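Enquirer: Mind folding the following:
(one chain, ligands or ions: 3)
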Amino acid sequence: MVEVAVLVDITRCIGCRACQMSCKQWWRLEPSETSFSPTITNPPKRDEHTYLNVEYHEVIGDDGRLSWNFVHKRCFHCVDPVCVSVCPVAAMRKTPDGPVVWDEARCMGCRYCAQACPFRIPNYQFHSLWPEVSKCWFCWDRIAEGLQPACSKACPPKAIEFGEREAVLAEAHRRIEEFPEKYVDYVYGEKEAGGTSLFYISGVPFEQLGFNMAVPHEPLPELTWEFLSKIPFEAAAIIGSMTAIWYIRGRALQDLPEKDEAGHE
Ligand code: SF4
Ligand code: SF4
Ligand code: SF4
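Expert: Numbers count the residues shown, from 1 in each chain. Ligands and ions are numbered 1, 2, ... in the order given. Here you go, the predicted model:
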């Protein structure tokens, strides 16, 4: 099966948020609380109802000129995802064509995925009795039908391009080589965490757009047990109590109406 990916060209994004709205519409997500303080990014953070948000960054260049840069942010769907390897009950899994998806029936709510993710992506419903982990699903249901993700389909200036991973990555490098005056010479997402399925190219340095430049370049699952060993007592306690919750939750879910993998009833 061919692995898919997305290229986000930050120089093309006009900040219209059509991707953000299209994601909410496709996944039937509730509105999130909005705020215009301290940033125009709205909603200010991704949350259980917002798998994707468009960040607004005001950048002053070396020539003193101000520019606005808009960044479509969501799960990277890592090639070798640490959220999958750290999950004790295999509730997170990587599908053969690329999306990293979550299984409600298996999850025991330990939140290791959220703690281990180098991009701080998974959100967790702290207020719920049966909390869910929420993040971008890479529209796996649409991809399985031969469609592109809802967000890339909605983007008016084609700032988000979907396709086969190798082709998308080659296109990112082609643009940088062809227009060196327009782009910084770096594809974010190519090396981070050992490689991801979400690539960015930009006209301003990534560190000025809130990207984490300290993410290691080797696959992070190799560090999984190092991560867990840092919290040995907490880990033991959490696993013990969560296993009980997992069992109870599994029993409860047997009585619920059937849902598809994305949570649609
Ligand atoms: S970005 Fe985080 S949540 Fe997404 S696949 Fe990678 S490790 Fe998992
Ligand atoms: S790929 Fe699908 S789930 Fe992910 S941000 Fe885009 S529309 Fe939302
Ligand atoms: S739809 Fe395209 S142009 Fe509009 S905010 Fe999203 S990425 Fe930017």
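Enquirer: Please report phi then psi for the residue most central in space within the chain.
Expert: When Cα atoms, centre = their mean is applied to the chain, the residue found nearest the centroid is Cys75 (0.6 Å). Main-chain dihedrals, Cys75, degrees, to the nearest 10: phi -60, psi 140.
Enquirer: Would you check that it makes contact with Gly98?
Expert: No: with contact defined as Cβ atoms under 8 Å, Cys75 does not reach Gly98; the gap is 11.0 Å. In short, each C-beta sits where N, CA and C put it, glycine included.
Enquirer: Common neighbours of those two, please.
Expert: Taking Cβ atoms under 8 Å, 6 or more residues apart in numbering as the contact rule, Cys75 and Gly98 both touch Phe138.
Enquirer: Residue numbers of this structure in contact with ligand 3?
Expert: Proximity of the chain to ligand 3, by Cβ under 6 Å from any ligand atom, involves residues 13-19, 54, 70, 72, 154-157, 159-160.
Enquirer: Any of the residues you listed buried? List them.
Expert: Applying 16 or more other Cβ atoms under 10 Å to the residues of the chain next to ligand 3, the neighbour count classes Cys13, Gly15, Arg17, Ala18, Cys19, Val54, Phe70, His72, Ala154, Cys155, Ala159, Ile160 as buried.
Enquirer: Mark which of those are part of strands, please.
Expert: Among these, the members falling in strands are Val54, Phe70, His72, Ile160 (criterion: DSSP state E).
Enquirer: Between which two of those is the distance greatest?
Expert: Spatial extent of those (Cβ to Cβ) is set by the pair Phe70 and Ile160 at 11.5 Å.
Enquirer: can I assume Val79 is in contact with Ser197?
Expert: Yes: counting by Cβ under 8 Å, Val79 touches Ser197, with 6.8 Å between them.
Enquirer: pLDDT weak spots in this structure?
Expert: Residues of the chain meeting the criterion pLDDT under 70: 129, 222-265.
Enquirer: So which residues of it form helices?
Expert: Taking DSSP state H, the helices of the chain run over residues 18-26, 82-85, 112-116, 140-144, 150-154, 165-178, 224-229, 232-254.
Enquirer: Around ligand 1, which positions in the stretch 101-250 of the chain sit nearby?
Expert: With Cβ under 6 Å from any ligand atom as the criterion, the stretch 101-250 of the chain meets ligand 1 at residues Cys117, Phe119, Ile121, Pro122, Lys135.
Enquirer: near ligand 2, which residues of the stretch 101-250 of the chain?
Expert: Taking Cβ under 6 Å from any ligand atom as the criterion, the stretch 101-250 of the chain approaches ligand 2 at residues Cys136, Trp137, Phe138, Cys139, Pro149, Ala150, Cys151.
Enquirer: Pipe those residues into TSV and attach neighbour count per row.
Expert: Converted to TSV, those look like this (neighbours: other Cβ atoms under 10 Å):
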residue	neighbour count
Cys136	25
Trp137	25
Phe138	27
Cys139	24
Pro149	26
Ala150	20
Cys151	27
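Enquirer: Quickly name whichever of those is closest to Val8.
Expert: Cys151 (9.8 Å).
Enquirer: Spit out the contact partners of the closest one.
Expert: Counted by Cβ under 8 Å, 6+ apart, Cys151 has contacts Cys19, Gln20, Ser22, Cys23, Leu52, His72, Arg74, Cys139, Ile160.
Enquirer: and the nearest residue to it once chain neighbours are set aside, how far is that from Glu3?
Expert: With sequence-adjacent residues excluded and distances taken as Cβ to Cβ, 6 or more residues apart in numbering, Cys151 is closest to Cys19, at 3.7 Å. Distance, Cys19 to Glu3, using Cβ to Cβ, to the nearest Å: 21 Å.
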